[in-house]
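Trainee: no FASTA, just this:
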């Protein structure tokens with residue numbers, strides 16, 4: 001057994017040298033947002049009246065679907081409210097960080113050929129996976145400790161040491177669990193793209209099952225890892241069994257990943273890649289056909305996920321209205337204007353979040369060209385009678401189409417479920433206008449990503465950091481009183497929230513023109529850039 005883990009710690013130290021900058025940025029962002037929001041929370045909801053008003057707001061099915069179940073209503077302190085509002089959002093971000101981290105140093109390194117070099121050295125068969133899991137453990141331990149002690153160091157009322165440490169432990173254990181999930185799929189899939197897709201599907205299913213369980217079927221919450229970990233009730237009962245449960249599950253899944261790693265061949269996955277045709281079709285031989293083939297999995301996976309998410313959110317619209325009818329306070333808070341129902345006002349918040357979600361597959365399609373470039377595959381294509389401009393334009397076109405298709409998929413799923421669950425459903429045209437009005441904001445992100453690919457390819461992946469910043473601003477910004485002018489300066493914040501606000505064509509036209517200009521300039525720059533510039 002020792003031979004299988006030979007020189008694991010030395011290999012782990014090498015991974016630390018490769019990973020330290022990326023993980024440091026992730027940790028600074030996650031911990032910084034956590035502490036910054038906590039620091040201003042007590043000023044926002046300083047009175048018991050304000051807190052109880054928020055308690056009723058967060059108890060409605062729509063909010064439960066988004067952020068999890070309420071608890072501690074008999075003593076709704078700032079600590080309880082903060083944990084309830086922030087913990088699920090933070091867990092999702094930590095899960096994404098760990099999925100990328102583990103797949104980057106397992107399946108992606110194996111796919112790129114780095115493992116062949118590593119295996120030629122005196123290391124054990126399981127040393128590579130062992131080193132990756134050590135790295136994953138250390139990153140999550142640092143996250144847990146700094147977050148826990150950092151929250152306590154703020155010395156805020158109702159945020160005691162035990163609750164703060166539990167908050168950090170919840171994030172750390174969640175990261176370990178989804179890191180283990182990624183390690184498992186790194187053995188099952190034969191490609192890094194497949195491992196990433198399967199891991200993302202598990203995270204998405206966990207979120208949807210948790211949402212359904214919290215709203216209507218409590219037993220389902222115990223099936224989802226996200227539903228289990230939210231039972232901690234931080235700063236209230238400070239329940240520990242969910243943390244230990246998820247930790248045990250993470251250990252079991254990691255053990256299975258090690259076992260599978262020891263039994264499979266290098267470069268292979270348990271799910272073998274499908275054998276292709278002996279000869280490519282005429283369509284596949286074209287730039288458009290090849291590009292579609294490369295992004296087919298992304299489009300199918302995200303298309304299904306987008307529809308499911310739309311259906312999930314749409315199904316709670318009927319309960320939203322029912323909840324409102326029995327709450328005078330909610331009517332005062334949200335129905336100050338008789339023109340709009342609470343469902344319509346909730347729709348505006350939902351659509352800006354969905355727009356950011358749709359941006360993920362949209363950018364993934366475009367960034368595929370950078371991935372192909374780094375792997376050296378584009379050189380073979382460009383050696384033929386195919387221009388760079390043609391290939392880059394194909395990726396850009398498909399990226400724009402992806403934004404439209406995914407937005408329509410979410411709108412149709414949302415409208416269908418809402419129509420079935422509401423006595424007086426929202427009109428399809430209302431939902432359609434509300435959703436499609438964010439397309440120019442998504443297109444502006446395409447333009448920024450295209451410029452990075454064309455002129456600064458080495459930092460192309462920082463587009464995800466920018467998207468994360470925009471998500472934070474539109475999701476958390478209003479809660480911490482970020483100036484409205486600052487929010488409106490961002491692409492997503494500049495869009496009018498229809499139907500509560502009238503459609504403002506100035507930012508729509510402005511963002512569209514800006515996107516076109518950025519794309520045209522990017523095509524020019526990409527056509528001139530040294531393609532070997534990694």
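Mentor: Looks like it arrived, so ask away. If you're wondering where the values come from, they're calculated on a predicted model, not measured in any experiment. Numbers count the residues shown, from 1 in each chain.

Trainee: Could you use CA atoms for every contact and neighbour count after this?
Mentor: OK.

Trainee: Could I get the full set of helices for the stretch 401-534 of the chain?
Mentor: In the stretch 401-534 of the chain, the segments counted as helices under DSSP state H, counting those that start in this stretch are 428-436, 439-455, 463-475, 484-488, 505-528.

Trainee: just so I know, which of those lies nearest residue 224?
Mentor: Set against residue 224 and scored by Cα to Cα, the helices of the stretch 401-534 of the chain come closest in helix 463-475, at 23.7 Å.

Trainee: just to revisit the earlier point, mean neighbour count, the helices of the stretch 401-534 of the chain: which tops it?
Mentor: With neighbours defined as mean count of other Cα atoms under 10 Å, those peak in mean count at helix 439-455, which reaches a mean of 24.

Trainee: And that helix, how far out from the chain middle?
Mentor: 19 Å (Cα atoms, centre = their mean, to the nearest Å).

Trainee: Please determine how far the closest residue to residue 91 other than its chain neighbours is located from residue 149.
Mentor: With Cα to Cα, 6 or more residues apart in numbering as the measure, residue 171 is the residue that lies nearest to residue 91, at 5.7 Å, once sequence neighbours are left out. According to Cα to Cα, to the nearest Å, residue 171 stands 13 Å off from residue 149.

Trainee: Between those two, tell me which one has more neighbours.
Mentor: residue 171 (28 against 17; other Cα atoms under 10 Å).

Trainee: mind listing what that one touches?
Mentor: The neighbours of residue 171, taking Cα atoms under 8 Å, 6 or more residues apart in numbering as the test, are 87, 90, 91, 94, 140, 143, 144.

Trainee: How about residue 400?
Mentor: Listed by Cα under 8 Å, 6+ apart, the contact partners of residue 400 are 362, 443, 446.

Trainee: let's see it at 7 Å
Mentor: Taking Cα atoms under 7 Å, 6 or more residues apart in numbering as the criterion, residue 400 is in contact with residue 443.

Trainee: got the buried residues for the host helix or strand of it?
Mentor: Using DSSP states H and E, the secondary-structure element containing residue 400 is helix 388-421. Going by neighbour count (16 or more other Cα atoms under 10 Å), the buried part of helix 388-421 is 388, 391-396, 398-400, 402-419, 421.

Trainee: Measure how that helix sits relative to helix 439-455, angle-wise.
Mentor: Orientation check (axes from the mean of the first three to the mean of the last three Cα atoms, to 10 degrees): helix 388-421 against helix 439-455 gives 150 degrees.

Trainee: and helix 388-421, how far out from the chain's middle?
Mentor: When C-alpha coordinates are averaged (Cα atoms, centre = their mean), helix 388-421 and its chain have centres 17 Å apart.

Trainee: can you check stretch 288-307 too?
Mentor: The offset between the C-alpha centroid of stretch 288-307 and the centroid of the whole chain comes to 18 Å, using Cα atoms, centre = their mean.

Trainee: So which residues make contact with that stretch?
Mentor: With Cα under 7 Å, 6+ apart as the test, stretch 288-307 has contacts from 283, 284, 361, 365, 394, 395, 406, 409, 410, 413.

Trainee: so which of those comes closest to residue 118?
Mentor: Ranking the contacts of stretch 288-307 by separation from residue 118, with Cα to Cα as the measure, puts residue 365 on top at 31.0 Å.

Trainee: Can you tell me, leaving aside adjacent residues, what's nearest to the closest one?
Mentor: In space, not counting the residues next to it along the chain, residue 365 is nearest to residue 399; the distance is 5.6 Å by Cα to Cα, 6+ apart.

Trainee: repeat for residue 490
Mentor: Once chain neighbours are set aside, the closest to residue 490 by Cα to Cα, 6+ apart is residue 470, at 7.1 Å.

Trainee: ok, now how distant is that neighbour from residue 354?
Mentor: The gap separating residue 470 from residue 354 is 13 Å, by Cα to Cα.

Trainee: Could you pull out the buried residues of the helix or strand containing residue 290?
Mentor: When elements are assigned from DSSP H and E, residue 290 belongs to helix 287-314. Judged by neighbour count using 16+ other Cα under 10 Å, the buried positions of helix 287-314 are 287-288, 290-292, 295, 298-299, 302-303, 305-314.

Trainee: Could you tell me the angle between it and helix 388-421?
Mentor: Here helix 287-314 runs at an angle of 20 degrees relative to helix 388-421 (the same axes, to 10 degrees).

Trainee: Return the distance of helix 287-314 from the chain's centre.
Mentor: In terms of Cα atoms, centre = their mean, the centre of helix 287-314 is set 15 Å apart from its chain centre.

Trainee: Check stretch 236-249 too.
Mentor: On the basis of Cα atoms, centre = their mean, the separation between the geometric centre of stretch 236-249 and that of its chain is 23 Å.

Trainee: What residues sit buried inside that stretch?
Mentor: Neighbour counts over stretch 236-249 (16+ other Cα under 10 Å) mark 236, 238, 239, 240, 242, 243, 246, 247, 249 as buried.

Trainee: How much space separates the fourth one from residue 297?
Mentor: The one in question is residue 240. Distance, residue 240 to residue 297, by Cα to Cα: 39 Å.

Trainee: picking that back up, could I get the buried residues of stretch 236-249 as a markdown table with secondary structure, pLDDT and distance to residue 520?
Mentor: Formatted as a markdown table, the entries for those read as follows, by DSSP: H, G, I helix; E, B strand; the rest coil; pLDDT from 0 to 100; distance: Cα to Cα, whole Å:
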| residue | secondary structure | pLDDT | distance to residue 520 |
| --- | --- | --- | --- |
| 236 | coil | 90 | 55 |
| 238 | coil | 92 | 54 |
| 239 | coil | 93 | 55 |
| 240 | coil | 94 | 55 |
| 242 | helix | 95 | 52 |
| 243 | helix | 96 | 50 |
| 246 | helix | 96 | 49 |
| 247 | helix | 96 | 50 |
| 249 | helix | 96 | 50 |
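
Trainee: Could you pull up the mean pLDDT of stretch 305-314?
Mentor: Average pLDDT, stretch 305-314: 80.

Trainee: ok, now stretch 110-126?
Mentor: If you average the pLDDT over stretch 110-126, you get 72.

Trainee: got the end-to-end distance for that stretch?
Mentor: With Cα to Cα as the measure, stretch 110-126 spans 13 Å from end to end.

Trainee: count of residues packed around residue 357?
Mentor: Using other Cα under 10 Å, the number of residues around residue 357 comes to 18.

Trainee: name the element it belongs to?
Mentor: Counting by DSSP H and E, the element that carries residue 357 is helix 342-374.

Trainee: In terms of secondary structure, what does that helix contact?
Mentor: helix 287-314, helix 317-325, helix 388-421, helix 439-455 (3 or more Cα pairs under 7 Å, 6 or more residues apart in numbering; DSSP states H and E).

Trainee: Repeat the analysis, applying 6 Å as the threshold.
Mentor: Judged by 3 or more Cα pairs under 6 Å, 6 or more residues apart in numbering; DSSP states H and E, helix 342-374 is in contact with helix 388-421.

Trainee: Tell me which helix or strand in the protein has the weakest average pLDDT.
Mentor: Taking all helices and strands of the chain together, the one with the lowest average confidence (mean pLDDT, DSSP states H and E) is helix 328-334, at a mean of 48.

Trainee: For the residue located most distally from the centre of the chain, give its distance to residue 379.
Mentor: Ranking residues of the chain by C-alpha distance from their mean position (Cα atoms, centre = their mean) puts residue 385 at the top, at 38.6 Å. Shown here: residue 385 relative to residue 379, a distance of 12 Å by Cα to Cα.

Trainee: Same check on residue 415?
Mentor: Distance from residue 415 to residue 379, by Cα to Cα: 45 Å.

Trainee: Which pLDDT value goes with the nearest residue to residue 134 once chain neighbours are set aside?
Mentor: Excluding its sequence neighbours, the residue lying closest to residue 134 (Cα to Cα, 6+ apart) is residue 12, at 6.8 Å. Per-residue confidence for residue 12 comes out at a pLDDT of 84.
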